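Asker: Below are the sequence and a predicted model; questions follow.
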Amino acid sequence: MRQTLTHCTSLAFGAGLLLAGSTSLVQATEGGVSSWPMGIEIYGMGVLPPPGTYGQLFVGNYMADTLRDNAGDKVADIDLRVTTLVPRFVWVTEQQVLGGNLGFHALLPLNDIRLNIKDGPHEHKRGLGDAHLGPVIGFHHSDKFHTAMGVDFVVPTGGEYDKNDLVNLGTNYYTVQAVYAMTYMDPAGFNADMRLMYDYNFENQDTHYQSGRELHADYTLGWGLGNGWVLGIGGHAYKQVSDDQCSAAHCAAAAAVEAADGNRGSSFSVGPAVQYASKDGWFLSAKWQDESGVRNRADGQTYWLKFTIPL
C-alpha cells in the first residue's frame, strides 16, 4: 500500500465552545471552533492508496487553558479538554476521473468534551459528533510526488444541540470544504506534505449566526530513515478570511461581532511528528503540536494518534 491515506478525516472536535452567557467572550467562527481539527494530518496527505477498502482509527486529545480575543490578549482562563475517537472508512475505486483514481470516505466521531471556566460555570458532554463524507481524486505524478483534490461535506449529526449550553457535540450547521493536498515522499530522504483547505459555513438555524469562510493548511516536514520510520515536524496554519455574520434582529451576539471587526480568527501550530510504515501495509503515526499567534479562539496543545490498515 502506498503511503498513508489522503483526504484524511474531516472530523470535528465538535466542541461548540458557545460562551453565550457573556457577549465579551463571543469568539470567531461560532463558538471559536471549526469543523476541521487543525493539524490532524501528518505524513502522506496527498497520497491516495491503490483501489480497495481501508480502515482508519484516530485518537485525539486537545487541551486549552486560555481564551484569546481579537488582539491576541487573554480574556478568560479556561480548562477545555476534548477527547475524540474516530473510526473512518475509505473506498478507492478502479474508476478514473481526470486521469486520477476516484475514492470516497465517511466517518462519525465520538467526542468527550469538558469545559471549566475559572471562577465560572462548567459543563461535560459525551456522544456522537458531526458526520463527514465526500469524494476525492488522487494523482500519482511519480513514485515520490503525489497530489489529491476533493470536497468534504460536514453534516450536523452531533448530539442534541442547545444554543444556551457552554459546549455542544456538533456545530449545528453544514460546512462544505474544498481540499487540495500535495506530498513529496522519500522512504530514505526528504518528506514534505501540505493539505490546503477552504471552508464555507452555512447559517446555524438555531442562532441565526453564520461563521465566516476559513482558509487553513496542515503541513509536515520530515526525513525518512529507510527502515519504515519518518521523523520530523508538523502543524497547521489557519486564517479566517471573511467576517462572521449575525443579524441584530435575530442574534444576541451581533453587537459583539461588529465590535470585534467581524470576529475573525487565526492560529498557527508546530511540534514533533513521527510515522512508522510496516512491511505488512499498516501505518501508525503520532504528533504533538503547540498553538501560537491565536486570535479569537482557544489557545492550547493537541496530541494525535492515527492507525491505518487495508481491509
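Answerer: Here it is on my side, so go on.

Asker: C-alpha only now, for contacts and for neighbours.
Answerer: Noted.

Asker: Tell me which residues touch residue 143, please.
Answerer: When contacts are counted by C-alpha atoms under 8 Å, 6 or more residues apart in numbering, residue 143 is found next to no other residue.

Asker: State the pLDDT value of it.
Answerer: The per-residue pLDDT reported for residue 143 equals 94.

Asker: so where does it fall, helix or strand?
Answerer: Under the criterion DSSP states H and E, no helix or strand holds residue 143.

Asker: hey, where'd the helices end up in the stretch 201-311 of the chain?
Answerer: Along the stretch 201-311 of the chain, the segments classed as helices by DSSP state H, counting those that start in this stretch run 254-259.

Asker: what ranges of it fall below the confidence cut-off?
Answerer: Applying pLDDT under 70 to the stretch 201-311 of the chain flags residues 250, 252-256, 258-262.

Asker: Strands of that one, residue ranges please.
Answerer: Under the criterion DSSP state E, counting those that start in this stretch, the stretch 201-311 of the chain contains strands at 209-210, 214-224, 229-240, 245-246, 266-277, 283-295, 298-310.

Asker: Quick one: residues contacting residue 118.
Answerer: With C-alpha under 8 Å, 6+ apart as the criterion, the residues that contact residue 118 are 76, 77, 78, 79.

Asker: For it, give its distance to residue 302.
Answerer: Here residue 118 is placed at a distance of 21 Å from residue 302 (C-alpha to C-alpha, to the nearest Å).

Asker: hmm, back to that, lowest pLDDT pick from the contacts of residue 118?
Answerer: Within the contacts of residue 118, lowest confidence goes to residue 76 (86).

Asker: That residue contacts residue 117, correct?
Answerer: Yes - under the contact definition of C-alpha atoms under 8 Å, residue 76 touches residue 117, with a separation of 7.4 Å.

Asker: residue contacts, the residue nearest to residue 291 when sequence neighbours are not counted?
Answerer: Nearest non-adjacent residue to residue 291, counting by C-alpha to C-alpha, 6 or more residues apart in numbering: residue 269, 4.2 Å away. By C-alpha under 8 Å, 6+ apart, residue 269 lies in contact with 39, 234, 235, 236, 237, 289, 290, 291, 292.

Asker: partners of residue 269 in the sheet?
Answerer: Counting by DSSP bridges, residue 269 forms beta bridges with residue 236, residue 291.

Asker: State the distance from it to residue 36.
Answerer: Counting by C-alpha to C-alpha - residue 269 and residue 36 are separated by 14 Å.

Asker: What of residue 197?
Answerer: With the distance defined as C-alpha to C-alpha, residue 197 ends up 9 Å from residue 36.

Asker: do the same with residue 72
Answerer: 21 Å.

Asker: Residue 104 now?
Answerer: Residue 104 sits at a distance of 18 Å from residue 36 (criterion: C-alpha to C-alpha).

Asker: How about residue 76?
Answerer: Here the criterion is C-alpha to C-alpha. By it, residue 76 lies 24 Å from residue 36.

Asker: So for these two, which residue has more residues nearby?
Answerer: residue 36 (20 against 17; other C-alpha atoms under 10 Å).

Asker: Mind pulling up the pLDDT for residue 103?
Answerer: If you check residue 103, the pLDDT there is 97.

Asker: wouldn't it be in contact with residue 96 here?
Answerer: No - using C-alpha under 8 Å, residue 103 makes no contact with residue 96, being 9.7 Å away.

Asker: Comparing the two, which residue is more hemmed in?
Answerer: Residue environment comparison for residue 103 versus residue 96 gives the larger neighbour count to residue 103, 27 against 13, counting by other C-alpha under 10 Å.
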